[in-house]
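Undergrad: got a sequence here, can you build the structure:
(6 chains)
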There are 6 protein chains.
Amino acid sequence: MSDSFFHPVSGFDLPRFAGVPTFMRLPHVPPSHERFKDVDIGLIGVPWDSGTTNRPGPRHGPRQLRDASTMIRAQHQASGIRPFEALKCADLGDVGPNPADIIDSMTRITEFYDTVKAAGITPMTAGGDHLTTLPVLRALAREAPLGMVHFDSHTDLFHSYFGGTMYTHGTPFRRAVEEGLLDPKRVVQIGIRGTMYDSEDRDFARAEGIRLIEIEEFHARGVSDVMQEARAIAGEGATYVSYDIDFVDPTFAPGTGTPEVGGPNSWQALQVCRELAGLDIVGADMVEVSPPFDPSGGTAFLGVSIMFELLCVMAESAAKR
Amino acid sequence: MSDSFFHPVSGFDLPRFAGVPTFMRLPHVPPSHERFKDVDIGLIGVPWDSGTTNRPGPRHGPRQLRDASTMIRAQHQASGIRPFEALKCADLGDVGPNPADIIDSMTRITEFYDTVKAAGITPMTAGGDHLTTLPVLRALAREAPLGMVHFDSHTDLFHSYFGGTMYTHGTPFRRAVEEGLLDPKRVVQIGIRGTMYDSEDRDFARAEGIRLIEIEEFHARGVSDVMQEARAIAGEGATYVSYDIDFVDPTFAPGTGTPEVGGPNSWQALQVCRELAGLDIVGADMVEVSPPFDPSGGTAFLGVSIMFELLCVMAESAAKR
Amino acid sequence: MSDSFFHPVSGFDLPRFAGVPTFMRLPHVPPSHERFKDVDIGLIGVPWDSGTTNRPGPRHGPRQLRDASTMIRAQHQASGIRPFEALKCADLGDVGPNPADIIDSMTRITEFYDTVKAAGITPMTAGGDHLTTLPVLRALAREAPLGMVHFDSHTDLFHSYFGGTMYTHGTPFRRAVEEGLLDPKRVVQIGIRGTMYDSEDRDFARAEGIRLIEIEEFHARGVSDVMQEARAIAGEGATYVSYDIDFVDPTFAPGTGTPEVGGPNSWQALQVCRELAGLDIVGADMVEVSPPFDPSGGTAFLGVSIMFELLCVMAESAAKR
Amino acid sequence: MSDSFFHPVSGFDLPRFAGVPTFMRLPHVPPSHERFKDVDIGLIGVPWDSGTTNRPGPRHGPRQLRDASTMIRAQHQASGIRPFEALKCADLGDVGPNPADIIDSMTRITEFYDTVKAAGITPMTAGGDHLTTLPVLRALAREAPLGMVHFDSHTDLFHSYFGGTMYTHGTPFRRAVEEGLLDPKRVVQIGIRGTMYDSEDRDFARAEGIRLIEIEEFHARGVSDVMQEARAIAGEGATYVSYDIDFVDPTFAPGTGTPEVGGPNSWQALQVCRELAGLDIVGADMVEVSPPFDPSGGTAFLGVSIMFELLCVMAESAAKR
Amino acid sequence: MSDSFFHPVSGFDLPRFAGVPTFMRLPHVPPSHERFKDVDIGLIGVPWDSGTTNRPGPRHGPRQLRDASTMIRAQHQASGIRPFEALKCADLGDVGPNPADIIDSMTRITEFYDTVKAAGITPMTAGGDHLTTLPVLRALAREAPLGMVHFDSHTDLFHSYFGGTMYTHGTPFRRAVEEGLLDPKRVVQIGIRGTMYDSEDRDFARAEGIRLIEIEEFHARGVSDVMQEARAIAGEGATYVSYDIDFVDPTFAPGTGTPEVGGPNSWQALQVCRELAGLDIVGADMVEVSPPFDPSGGTAFLGVSIMFELLCVMAESAAKR
Amino acid sequence: MSDSFFHPVSGFDLPRFAGVPTFMRLPHVPPSHERFKDVDIGLIGVPWDSGTTNRPGPRHGPRQLRDASTMIRAQHQASGIRPFEALKCADLGDVGPNPADIIDSMTRITEFYDTVKAAGITPMTAGGDHLTTLPVLRALAREAPLGMVHFDSHTDLFHSYFGGTMYTHGTPFRRAVEEGLLDPKRVVQIGIRGTMYDSEDRDFARAEGIRLIEIEEFHARGVSDVMQEARAIAGEGATYVSYDIDFVDPTFAPGTGTPEVGGPNSWQALQVCRELAGLDIVGADMVEVSPPFDPSGGTAFLGVSIMFELLCVMAESAAKR
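TA: The predicted model follows:
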């Protein structure tokens, strides 16, 4: 029987526009809270975008995602899963970054996730730009490199920017591979598209054995076929899911800083999550939601709808353990 | 030969941005007008959203729909139908609700539609939230329960909200079935999706024999196959068409209060209307268009484009009678 | 020495865009919380707009006000007051309304404020439309009628709307006087303007002895002179402060449903609060902030800036007791 | 006793967001209407902006002004005037321009106003860009040149643009003086400001005896003093009032194509109208409201608030005749 | 080896939000520039919308397209083409129109394109409304009529508007056929849809042998099949590509004045360009981008993404010559 | 006689919405340009906001300011000054920052301004957040500390943020005083307001002799009186003018990241510039314009209107030398 402390507030009891907005109307359980150690899945905000090389804004992502998440209800339509009953979920609050110091911020993030991991909590992160994922992986992959299913329109595998700057939102996975946080043979990047500077990132991927599924292949093969391969690549080992909202076509997700046209629609955006069922997901994130570029909140609502899909897959997976 | 009094003003004569905006630039023919009794199809605004449990706004729907409708021209591209010549159409004006009294408002609406029906006019309603449909059905189904083709992302079949409140935009069809206004065996709901509170509405549908076509099935089967079944369910009897704009994916129709991602696109939104050809449509509505959530008017323009498709189907149907 | 539990989070420690947004980054202390009884001033959201006769939206007010309030810091510039150290302030959460039942909602609100008052907490409300104030006054004025300083462009003193509807945002103070919640001789309404239906509300005010300071007089006399009179009218007795954001010119506060042009600017909007110093304020509210009409949040930021000014005046007043 | 046919619909009977939007909820009385000849003041839309040299949009002005005007009530607060009872006012509809032919459009406009004038109706125009005023003056000043009180940030007195183009929104009053439609000695332009191409327009004004009151003088002297002079300049003869919304500071009226910062605020925007009392106003306009640059409608609401002020002054004036 | 003078600035060197925005960060090479004669493909802005019969705005198109184009990088993902190295591309600046004189503007445009053509430069135009294409064709088709692949939701083949006005954005191709600028047998129009005034334009197309592929056929056959036919129609002769952004569904491209729902998505918008490979393209345009209707710039970004696709096809074609 | 190379393009010749947008339509003269050494005043963009502790965006400032600046004409209304004829002005382009490295960026900026200063050019900077001013001052004050007139709602005199971070937009003038770039006795800060963290910055100002004119004093004394004192403080020595757009009330300038309500209006925003006449201005900046918070561009237009006022004062000053 599920623990009612961890149940979200129902819109039948309190209208969905009411109340202090936490992720999915879950209880706010920061590390200092007495129930922290009981949490199964922790939703964490990382309001940070210092790695952004073009248009900033994702530092405001967690707040808008929290706001939009109050529209999420308790049960998945297709599968019938009720994740908040299957697992003890909570809003762990935000990691406080230092907006004017990238290295300091990464240290703060890794420390927070060390605490989360030590408590046995599986983190689901609401970013933040994509550099966020690097300090998270540093905490989660301390013992062994992880596999990764990565939805994005960019590889984020570049060596450096602006004459040698190593930490930007275009480099996290180059660093992660270099630091041994990811097993490149178990990494698949899906949805890659857009005009290119050059092929330096693709060359690195090829050399390391990272599988790139570009948008042409995605559209030609369809979600089901592509995701079957993705599951095979990630395999049975511990896997991280990183979901950059710019994977989705910018018409469906305009609230992001580096859009690329021609991407998947909102239905495909959900479908790819459902196709993750069966993987051993040890962490997930939703990054690059940039509220200044979509004040309407539509992008954030798509973002939290995706987060709910991921939660359901993680709940299903946990139920099998 | 068609009656020129009922012809809309052409954009070739008066630019489409000019003039007092009535629905589709038709003449304004309120019940007191001498030509009222000649009208075949009456476009009616119901600017009302007191049944809204989440984000209000549809009370502003009729005005924005009227504004957008001045972009509609006289002829359907694919079928060649010219509905305003085939039928005498007019803007009957708005039903004046009481924004602070739900029961009073429902009475006012039913009375207006009684008048419309008594004059032999087929009503096409521009809502308003979905509770609007209940008092409309009370007028239209006085003699016998109707069949219904219902496009929506929600069933609107809930029993009650907030500890016993019976009249909200989430309950109209529960009430309509209870009141004998709808024949549940001739009701089909298409496009249902989104996270769920629980299964109470689905259980009711199943028990009553209402057919639900959820979005997964819709995407898998396609418009043509789904609509063939829908026509079979509605059958040859008198049928109402209720079109909640949140049936469409919120990227295509952001101006609504309870969006659910992953829905049909704008082309499918039109196609489902065309597939209604042959039904005996005794009334139709376009509800839940909420201008505050789409000041650009794009949602309203999609809404009136759908209304035009419905008009053409109704004209075709009338021509056969 | 002040109680650090009640200190807001500093933007020097956690960036102001980070964290779960509570009012002014104060602790969230609902009635069930163990520190509830220690609170001096409770900030309360009433997300409700069922009394709105024109354009809805204030039900979303509390959330946007919370969001904007994270920009507020700890100290008043001119007076040097640090209200969160002078008084124990907390976010008491939202009162859950029933969006589809006005009477039920008013009952819920009054019950919540009864609890607040019983705990010795002075409430500062973030509405909600102006009907909100009526159920609040029912709790606060149980023992004796209150005086009131009322900033608004409307009197909200009408008898009824739409053929007899008694509870709308245009009638709360008519009801409050009738119910003996306000002492009309100690009520002053400031900023009244805009086109009028008729003089029925003004006639009532005159008959009861309520003082109206219309905008022409306000602009002619200036803030200081007007407020000196306002303080004299409210006198030394228990006084409520009701601040409708539409008091301010709609250019400065576009996010509201019934704007009237020609009002005070943002500097005057703050000044009038400072001039309340010395009154015995037993409750205050900021109402009619309507986010759909100002998604930028500028109106909400002005709203919370005003709330901070009121807090400082209340803190100063409390310090003298 | 006033004629109820010409009374606007009250918001107490029908909510203000409801109904087909005509100017100020007045009856729609085009020239073909049987009551046309009874109208005292006709509100006319001229949806036209072909004379715009910079950013277009005013062709959409009349529709947005009609929409906003449904917020206007029946009585003036300060004066108590009820213009719709004092005078028979009606919405005469729009003049249909030819968006792709300036000369043809001007002909159409002049013809419409000839009809209006022949019926003894005083026109109040909702533009349209400022070139609109030229064809209007051609109808109104057939017998004798008019005086004019002109609120604007620009003189609109230039000779020509782009190498000899004579008809733009920067030249109407140069043409009007040349054509003998205005008596330059009875013309005053108030609020002139902004960076200048050169002094060619000012030189013309000086040579012709047109009085320019630049913004520096306006701010230094104040509304009352400036308007006293304006009334003296216009004198007792027939006078036209032309109100370009860009007279007002663009923060208060962003919806316009050629803004100039540092202008009057919204209170002053109303005050200058009240100070027109006593003039013999034979026509008035509100031009350059450009909805694409203010989708919120705030500019339009200010525009119709000003139109209401002008109506009240005209009603007062008519009452004295 | 490519000429570095014509290389765009890389986002790796200068962030993409920095710098004076030229098309695709190319050098600004107006006709007076010493390198003008070396240019292969010239990107030209035509900020003009005087032919617009409904909602204006495309005069602002070039500036927003330039701004958005700074997000375009150097290499095409699927083909690997680096067009700025394959061809010498430059921003030739804008043609200065006369906003208040259609005929004068058309003369100015044709003269500019005569100069461009005389220098052996292939023009790619950023409009401007669709009337822009007529004066461009007058320069490009001096020797012989061209074939044309035309993406649009409208045929733009009407005879005239408003009682005989011959030059509007609804008539350019009627004029072009009449003037012998296009060979109607080599013209294909793709994506045609929306409600119709009448069939006058279709009748003309049929009579002249212009091939119309309406949206129903487009959706039924798919991009690849449709474009195979399009290539066959255009054949091996000199061909112009005219791309009206309203070809794309208005959800993906809201920034346009005459939207029609139910169109292609953004992926198809790109695909149709790729399928032009092999044609002899002597000029291309992107028209009807209207910034006031999409201040977010998303439409413009789609527009420049399409322009980049066209550039790559032209580069490939040039490489074969 | 003035040098026509440096004349801006007139809107009478080329419409103001046309052309590649440079600052005030001046020629683009980067350091590599042959006329660089002839420039008197160089307008420079610094698209950088890495020092922003709250809401980012000013990195997009220069582009929006350039866009808005095409609305500026050639002559000052009140003074008649034609600055582009009095002085040789040019757009020097942007300094390319490193968005992910604060120290590297500051080095790049100082180097650019060293070049500018070496060429004898007086720089007028379009930021960028307020940290921009520090590296600019490092170039300009190499020989001796400068005086400064500083318009702002914040002192930007804090010691550090987030536990020791020394370079943020809240610390530039603390650093500048510490580094001997400013003579604190010749520094005046005007418009200071808003809630405060604490008094640490004010204490520093007092200790160093920096004069703070808070908003209460500003409103009480008026522009003329305050600016007389400001001129006296700056004296006859070399003076820098730093204008943070958040000096202006956020209703007039919403496009900024750290707004504080109750500030000066747009007229006062211009007036304070005019009152700088007579000072020896060796550099000026307009910072903290943040386009994502005002996509309308109204803030940017106010920003460039202020820049034009400053230019005129500098031209007048130069004329006297």
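Undergrad: tell me what the helix or strand hosting residue A:308 is packed against?
TA: Counting by DSSP states H and E, the element that carries residue A:308 is helix A:298-320. In terms of contacts (3 or more Cβ pairs under 8 Å, 6 or more residues apart in numbering or on different chains; DSSP states H and E), helix A:298-320 is packed against strand A:41-45, helix A:61-69, helix A:83-86, strand A:122-126, strand A:238-244, helix A:266-274, strand A:280-287. Using the backbone N, CA and C atoms, a C-beta is placed for each residue, glycine as well.
Undergrad: turn those into a markdown table, including mean neighbour count.
TA: Shown next, in a markdown table, are the helices and strands packed on helix A:298-320 (neighbours: other Cβ atoms under 10 Å in any protein chain shown):
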| stretch | mean neighbour count |
| --- | --- |
| strand A:41-45 | 26 |
| helix A:61-69 | 27 |
| helix A:83-86 | 22 |
| strand A:122-126 | 24 |
| strand A:238-244 | 26 |
| helix A:266-274 | 23 |
| strand A:280-287 | 24 |
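Undergrad: can I get these in JSON lines including mean pLDDT and distance to residue D:297?
TA: Below are these laid out as JSON lines (pLDDT from 0 to 100; distance: least, Cβ to Cβ, whole Å):
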{"stretch": "strand A:41-45", "mean pLDDT": "98", "distance to residue D:297": "35"}
{"stretch": "helix A:61-69", "mean pLDDT": "98", "distance to residue D:297": "25"}
{"stretch": "helix A:83-86", "mean pLDDT": "96", "distance to residue D:297": "42"}
{"stretch": "strand A:122-126", "mean pLDDT": "98", "distance to residue D:297": "35"}
{"stretch": "strand A:238-244", "mean pLDDT": "98", "distance to residue D:297": "37"}
{"stretch": "helix A:266-274", "mean pLDDT": "98", "distance to residue D:297": "30"}
{"stretch": "strand A:280-287", "mean pLDDT": "97", "distance to residue D:297": "35"}
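Undergrad: of these, which is nearest chain D?
TA: Of all the helices and strands packed on helix A:298-320, helix A:61-69 sits nearest to chain D, with 21.0 Å by Cβ to the nearest Cβ.
Undergrad: so is that closest one next to chain F?
TA: No. Helix A:61-69 does not reach chain F (Cβ under 8 Å from any Cβ of the partner chain); its nearest approach is 11.3 Å.
Undergrad: ok and the residue in the stretch 201-321 of chain A nearest chain C?
TA: Nearest residue of the stretch 201-321 of chain A to chain C, counting by Cβ to the nearest Cβ: residue A:295, 4.9 Å away.
Undergrad: before we move on, back to that, just send the helices and strands packed on helix A:298-320 back as a markdown table, with distance to chain D too.
TA: Output for these, formatted as a markdown table (distance: least, Cβ to the nearest Cβ, whole Å):
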| stretch | distance to chain D |
| --- | --- |
| strand A:41-45 | 31 |
| helix A:61-69 | 21 |
| helix A:83-86 | 39 |
| strand A:122-126 | 30 |
| strand A:238-244 | 31 |
| helix A:266-274 | 25 |
| strand A:280-287 | 30 |
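Undergrad: where does the residue of the stretch 201-321 of chain A closest to chain C sit: helix, strand or coil?
TA: Following DSSP: H, G, I helix; E, B strand; the rest coil, residue A:295 is assigned to coil.
Undergrad: what is the neighbour count of it?
TA: 17 (other Cβ atoms under 10 Å in any protein chain shown).
Undergrad: pLDDT value on it, please?
TA: Residue A:295 carries a pLDDT score of 94 in this model.
Undergrad: tell me the contacts of it?
TA: Taking Cβ atoms under 8 Å, 6 or more residues apart in numbering or on different chains, we find residue A:295 in contact with C:295-296.
Undergrad: look up phi and psi at it.
TA: Main-chain dihedrals, residue A:295, degrees, to the nearest 10: phi -60, psi -20.
Undergrad: ok, it to residue F:316 distance?
TA: Look at residue A:295 and residue F:316: by Cβ to Cβ, to the nearest Å, they are 42 Å apart.
Undergrad: then residue A:183?
TA: In terms of Cβ to Cβ, residue A:183 sits 68 Å off from residue F:316.
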